[in-house]
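1. please work out how this folds:
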Amino acid sequence: QVQLVESGGGSVQAGGSLRLRCVVSGRTLSDYAMGWFRQAPGKEREFVAVISWSGGSKDYADSVKGRFTISRDNAKNTAYLQMNSLKPEDTAVYYCAANRAVSYSPGLYDYWGQGTQVTVSS
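-> Residues are numbered from 1 along each chain as shown. Sure, this is the predicted structure:
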């Protein structure tokens, strides 16, 4: 059974930074591409960033491009999302997810974490 546990969320002012972490257990992280998604109240879950199993391929939603950086350390079975220049519209619950292939659709991911709240105040 694959388990994903996110941490690192919190409350920050606009312009601040947070680093989210997703620890994977039960399987080797290098078996999976890793995605980050977010869901704000009353909205659908949306794609934020994705990284291939090797880390050689990364992609981002236009809304976070240039501000967020996805990375992974397969030796530590951990994926990261560095979030800089945060805006109030980044406020959401952030989820990490694992899938065999790079995908932008949440419906295609096999495993999910429980989510971590990020709140950005103006």
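2. now that residue 46 has come up, it's in contact with residue 36, right?
-> No. In terms of CB atoms under 8 Å, residue 46 does not count as a neighbour of residue 36; the distance is 10.2 Å. For glycine as for every other residue, the C-beta is placed from the backbone atoms N, C-alpha and C.
3. any idea which helix or strand carries the most centrally placed residue in the chain?
-> Central residue of the chain (CA atoms, centre = their mean): residue 36, 2.6 Å from the mean position. Assigned by DSSP states H and E, residue 36 belongs to strand 33-39.
4. show the subsequent helix or strand relative to that strand.
-> Next element after strand 33-39 (DSSP H and E): strand 46-51.
5. show me what that next one is packed up against.
-> Judged by 3 or more CB pairs under 8 Å, 6 or more residues apart in numbering; DSSP states H and E, the packing partners of strand 46-51 are strand 33-39, strand 58-60, strand 68-73, strand 78-83.
6. between these, which one is closest to residue 109.
-> In terms of CB to CB, the element of those nearest to residue 109 is strand 33-39, at 6.2 Å.
7. mind giving me the packing neighbours of that closest one?
-> By 3+ CB pairs under 8 Å, 6+ apart, strand 33-39 packs against strand 18-25, strand 46-51, strand 68-73, strand 78-83, strand 92-99.
8. remind me what the last one packs against, helices and strands.
-> What that stands for is strand 92-99. Using 3+ CB pairs under 8 Å, 6+ apart: strand 92-99 touches strand 3-7, strand 18-25, strand 33-39, strand 78-83, strand 111-112, strand 116-121.
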